[in-house]
Every structure is written in C-alpha cells, then in structure tokens.
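Chemist: no sequence for this one, just the structure:
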C-alpha cells in the first residue's frame with residue numbers, strides 16, 4: 001500500500017492469488033456509503049491487516065482438517081471475500097445460495113477464475129437446455145410473470161427490489177406515494193416534452209453493493225457508471241432522458257445518492273429529468289426507447305417487452321442474446337448517442353428474455369422441506385426455530401427434494417441446483 005499511488009493501482013493488488021485490493025475497495029465503498037473513492041485512505045491499512053489475519057486463519061483451518069468444500073452465502077466484503085477466495089485458492093469447492101425464505105437455489109464454485117461471477121449467473125448450457133426442452137412453455141410462463149410483476153403482484157417481484165411492492169413489505173423510510181399509469185403523451189405533458197422525441201430511461205443501481213459481482217465492467221464502480229452516463233445524457237439532446245433512482249438509496253441511507261448526482265450533473269437540462277414520484281413502473285415498457293442499466297434486473301425485464309437494453313457490466317443474462325453489450329466506453333457512449341435510431345427487438349430476442357424470466361423466477365427455486373417459510377424483515381426467531389424443529393422431526397429424508405436436485409446437479413456437473421422437475425418435455 002505504501003507504493004500504491006492511486007485507486008487503479010490498489011485494484012491490481014493481489015497476494016497469494018487473492019484480490020486484496022478489490023476486497024478492500026469494495027468493503028470501504030459498501031460501509032462508507034460513498035459509492036466511489038478517488039484516493040488511497042488510511043483505513044485501507046486496517047482493512048489490509050484484517051485480510052491478512054483472516055487469510056492466515058482460514059488457511060490454517062483448511063490445511064489442518066480434511067475439508068473438501070465450504071458453505072458460504074456472502075462472498076463479498078471482509079471477511080466474506082477473503083474466506084471465499086481462500087477456499088478456491090486451496091482448491092476447495094464453495095457452495096452458496098440464492099433466493100429467499102425456504103425456496104432457493106444452491107450454487108457451486110470450483111474455479112478461481114469465476115471468483116467474481118455472480119451467484120445468479122446461470123450457464124448458457126442450462127438456458128439452452130430449457131429453450132430446447134420446454135421453450136414454448138417457458139416463454140408463455142415468463143410472459144405471464146413479467147406482466148404480473150409490472151402490475152405490482154408481490155410474489156412475482158425480483159426479491160431484492162421488493163420495496164417497490166405492496167406497503168406491508170416496505171419499511172417506514174420508504175415513501176408511500178400513489179402511483180399512476182401514464183401514457184407517453186400524459187408523461188410528456190407533465191414533463192413539458194415533445195411527444196415525438198424518443199425517451200430513454202437510466203436505471204440507477206444500488207450504488208454501494210456488488211460493485212465487483214461480475215467478471216467484467218466498463219466502469220470501476222456503480223457510481224462512476226451513473227456519473228458518466230448522466231454526462232452522456234446531458235450532451236445527447238436528440239432524445240429525452242428519465243433517471244430512476246434505486247430504492248436502496250433510501251434503504252441504505254447512502255451518502256452519495258442518484259438524486260444528488262442528478263442535481264450536480266443535470267441541473268437546468270430540460271431533456272434529462274428524474275422520474276416523477278407518481279409514475280408507475282407499469283407505464284414505462286410502452287414508453288421507453290432504450291433502457292440503460294449497469295447489470296440489474298432491467299436487463300431481462302425490458303427486453304421481454306421488446307425494449308432494447310444496454311448493460312455496462314456483465315449481467316446475469318448478458319450472454320443469452322437479448323442485451324446490447326458494448327466492450328468499452330466508446331462503444332457504450334455510441335449506443336447512447338445514437339439511441340434514436342434503435343428499433344424494437346426482434347421476436348426471437350423477446351422470447352429468449354421471457355424464457356430467462358421463467359428460469360430466474362420459477363426454475364431457480366427449490367423448496368426445502370425442513371426450513372420454515374420466513375420473511376427476514378418481519379422475523380420472530382423463537383417461532384422460526386420451533387417451526388424448524390417440528391419440520392425436522394417429521395421429515396422423511398428419502399423425500400428431500402432439495403437433496404435430490406443437488407444430486408442431479410452433481411451428476412450433471414452443473415453450476416446451479418435448480419428445480420430440474422420443471423425442465424421436462
């Protein structure tokens with residue numbers, strides 16, 4: 001660190017094949033709430049020593065015991081990222097999970113090169129298997145899901161964005177405002193825009209979470225992506241731009257928010273505006289010309305409506321043939337500046353997006369018979385453990401659905417233990 005002159009140098013630091021620099025930066029961004037850091041901070045030294053200690057401890061445990069695999073949900077930050085990468089360096093498999101409550105998916109990692117691969121990143125092999133075996137069914141079910149999601153039906157929401165759902169799933173810090181479905185004319189009338197101009201939407205992301213939860217990215221972090229995208233929008237007036245903040249700006253009480261960045265960069269620019277509070281997201285698919293996201297759920301949602309969608313980092317669906325994936329900043333900027341020339345996606349790409357929606361929402365989840373249904377934001381620990389005790393005592397091990405799916409995962413050497421029973425002709 002003494003010889004580290006800037007953040008770019010920091011991010012290159014590796015010790016024993018572990019990405020110390022990225023782990024330190026990621027941890028600091030997350031728990032400072034700042035979003036991006038432009039200089040080497042004193043706190044980095046403390047984080048460095050913590051990483052050394054954790055690596056030493058986990059290596060001792062792994063080498064002194066006959067351990068073949070580890071189980072770990074959190075792969076980011078300190079200590080999670082050090083534990084995760086240390087296990088892979090020591091050639092131990094790591095099993096993680098995605099999903100919520102008692103319906104989830106077990107994910108396997110066994111390659112150090114995949115240390116920054118998102119848990120939600122499904123293999124192309126699995127996607128194409130679904131497409132071949134049940135493509136038409138998956139397309140129809142995916143279409144139903146996405147329509148219900150945009151109508152606000154809570155069970156069909158993307159889990160980590162359920163704060164857009166019904167009031168009972170919201171914390172008090174989330175403002176409850178009646179949403180209205182707008183036509184393009186009504187929205188343009190409210191914003192003072194020419195209805196003939198295309199409208200692009202910039203979907204901001206959680207600015208402090210998952211900044212290295214992908215194997216490639218055009219930008220260093222999520223806040224940098226937002227800033228650079230807003231600058232392009234400000235200088236591209238042949239279309240109008242809506243900026244939609246992420247709900248987690250409020251939840252995580254970030255210091256640097258989408259709204260504050262908008263005010264600094266887009267002040268007095270009539271063609272770039274924050275989304276009005278009363279506009280329902282159900283309005284947008286029929287209005288939007290281009291959806292812009294770093295790699296959020298927008299990457300599959302809007303293509304399922306035929307809306308071209310550009311990602312600036314590896315998304316969980318970005319290799320399935322329905323996203324615009326520029327390779328560098330110049331290509332990214334070109335897509336945005338020439339977005340007025342874009343047309344609706346062809347039907348085959350729309351269908352593939354719908355198939356992915358079905359995979360992500362239904363096939364991904366496998367219900368556990370020994371874990372009670374639960375909501376972490378309304379959690380009664382005593383009741384939870386009593387329910388689990390009863391489930392375990394009455395459980396027939398021979399009828400363990402999750403275990404059955406994991407056996408198939410192992411036999412097929414698959415990345416995810418999905419609900420294989422749904423992938424049938």
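Modeler: On my side now, so go ahead. Given the structure is predicted, the values throughout are model-derived calculations rather than measurements.
Chemist: ok so residue 276 is a strand residue?
Modeler: No. Under DSSP: H, G, I helix; E, B strand; the rest coil, residue 276 falls outside any strand and is assigned coil.
Chemist: For it, give me its contacts.
Modeler: 187, 190, 191 (Cβ atoms under 8 Å, 6 or more residues apart in numbering). C-beta coordinates here come from the backbone N, C-alpha and C atoms, glycine included.
Chemist: Tabulate those residues (CSV), appending distance to residue 325 and secondary structure.
Modeler: Listed next are the contacts of residue 276 as CSV, based on distance: Cβ to Cβ, whole Å; DSSP: H, G, I helix; E, B strand; the rest coil:
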residue, distance to residue 325, secondary structure
187, 29, helix
190, 33, helix
191, 30, helix
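Chemist: Neighbour-wise, which one of those residues leads?
Modeler: residue 187 (21 neighbours; other Cβ atoms under 10 Å).
Chemist: okay, the contacts of residue 276 in CSV with distance to residue 257 next?
Modeler: Output for the contacts of residue 276, formatted as CSV (distance: Cβ to Cβ, whole Å):
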residue, distance to residue 257
187, 23
190, 23
191, 21
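Chemist: Rebuild the residues you listed as a markdown table, extending it with distance to residue 212 and pLDDT.
Modeler: Shown next, in a markdown table, are the contacts of residue 276 (distance: Cβ to Cβ, whole Å; pLDDT from 0 to 100):
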| residue | distance to residue 212 | pLDDT |
| --- | --- | --- |
| 187 | 36 | 97 |
| 190 | 39 | 96 |
| 191 | 36 | 97 |
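Chemist: Among the residues you listed, pick out the one closest to residue 45, please.
Modeler: Set against residue 45, the nearest of those by Cβ to Cβ is residue 191 (48.5 Å).
Chemist: Need the phi and psi values for the nearest residue to that closest one once chain neighbours are set aside.
Modeler: Spatial nearest neighbour of residue 191, chain neighbours left out: residue 273 (5.7 Å); criterion: Cβ to Cβ, 6 or more residues apart in numbering. Main-chain dihedrals, residue 273, degrees, to the nearest 10: phi -140, psi 150.
Chemist: which ones are touching residue 422?
Modeler: 134, 362, 363.
Chemist: go on, residue 265?
Modeler: Applying Cβ under 8 Å, 6+ apart to residue 265 gives the contacts 227, 230, 231, 234.
Chemist: I'd like the distance between it and residue 246.
Modeler: 17 Å (Cβ to Cβ, to the nearest Å).
Chemist: for stretch 357-376, which positions count as buried?
Modeler: 357-366, 368-372, 374 (16 or more other Cβ atoms under 10 Å).
Chemist: how many neighbours does residue 420 have?
Modeler: Neighbour number of residue 420 under other Cβ under 10 Å is 18.
Chemist: Can you check the pLDDT for the closest residue to it other than its chain neighbours?
Modeler: Nearest residue to residue 420, sequence neighbours excluded (Cβ to Cβ, 6+ apart): residue 408, at 5.1 Å. If you check residue 408, the pLDDT there is 96.
Chemist: what about residue 408, how many neighbours?
Modeler: 13.
Chemist: So, low pLDDT: which residues of the chain?
Modeler: 153-178, 251-252, 425 (pLDDT under 70).
Chemist: can you give me the helices in it?
Modeler: 7-11, 20-32, 43-64, 80-89, 124-150, 184-191, 222-234, 248-251, 258-265, 298-301, 329-337, 347-358, 381-393, 401-412 (DSSP state H).
Chemist: Which of those helices sits closest to residue 117?
Modeler: helix 80-89 (11.1 Å).
Chemist: Now do the closest one against helix 20-32, angle only.
Modeler: 150 degrees (axes from the mean of the first three to the mean of the last three Cα atoms, to 10 degrees).
Chemist: Can you give me the buried ones in helix 80-89?
Modeler: 80, 81, 82, 83, 84, 85, 86, 87, 88, 89.
Chemist: Check stretch 249-268 too.
Modeler: Quick answer for stretch 249-268 (16+ other Cβ under 10 Å): 249, 250, 252, 254, 256, 257, 258, 261, 262, 265, 266.
Chemist: Between the two ends of that stretch, how far is it?
Modeler: Taking Cα to Cα, to the nearest Å, the first and last residues of stretch 249-268 lie 23 Å apart.
Chemist: how far does that stretch sit from the chain's center?
Modeler: 20 Å (Cα atoms, centre = their mean, to the nearest Å).
Chemist: check contacts around the residue nearest to residue 420.
Modeler: 414, 417, 420.
Chemist: Leaving out chain neighbours, which residue sits closest to the most centrally placed residue in the chain?
Modeler: Among the residues of the chain, the one closest to the centroid is residue 296, at 4.7 Å (Cα atoms, centre = their mean). Leaving aside its chain neighbours, residue 296 sits nearest to residue 205 (5.3 Å; criterion: Cβ to Cβ, 6+ apart).
Chemist: The one you found and residue 254, how far apart?
Modeler: For residue 205, the distance to residue 254 - Cβ to Cβ - is 11 Å.
Chemist: For the two, list the residues in contact with both.
Modeler: In contact with both residue 205 and residue 254: no residue, using Cβ under 8 Å, 6+ apart.
Chemist: one step back: winner for burial among the helices of the chain?
Modeler: helix 298-301 (a mean of 27; mean count of other Cβ atoms under 10 Å).
Chemist: what sits up against it?
Modeler: 146, 149-150, 203, 291, 293, 309, 311, 315-318, 322-323, 353, 356-357, 360.
Chemist: Stretch 334-345 too?
Modeler: So stretch 334-345 is in contact with 198, 200, 229, 232-233, 236, 238-239, 289-290, 292, 303, 306-308, 310, 322, 324, 326, 353, going by Cβ under 8 Å, 6+ apart.
Chemist: same check, this time on stretch 58-70
Modeler: Contacts for stretch 58-70 (Cβ under 8 Å, 6+ apart): 82, 83, 86, 87, 90, 92, 93, 94, 95.
Chemist: Surely the fourth one and residue 94 touch.
Modeler: Yes. When contacts are counted by Cβ atoms under 8 Å, residue 87 is listed as touching residue 94 (5.1 Å).
Chemist: which residues are in contact with both of those two?
Modeler: 70, 72.
Chemist: Among the contacts of residue 422, which one sits closest to residue 398?
Modeler: For those, the nearest to residue 398 is residue 363 (23.9 Å; Cβ to Cβ).
Chemist: from what I can see that closest one touches residue 418, true?
Modeler: Yes. Using Cβ under 8 Å, residue 363 is in contact with residue 418, at 5.0 Å.
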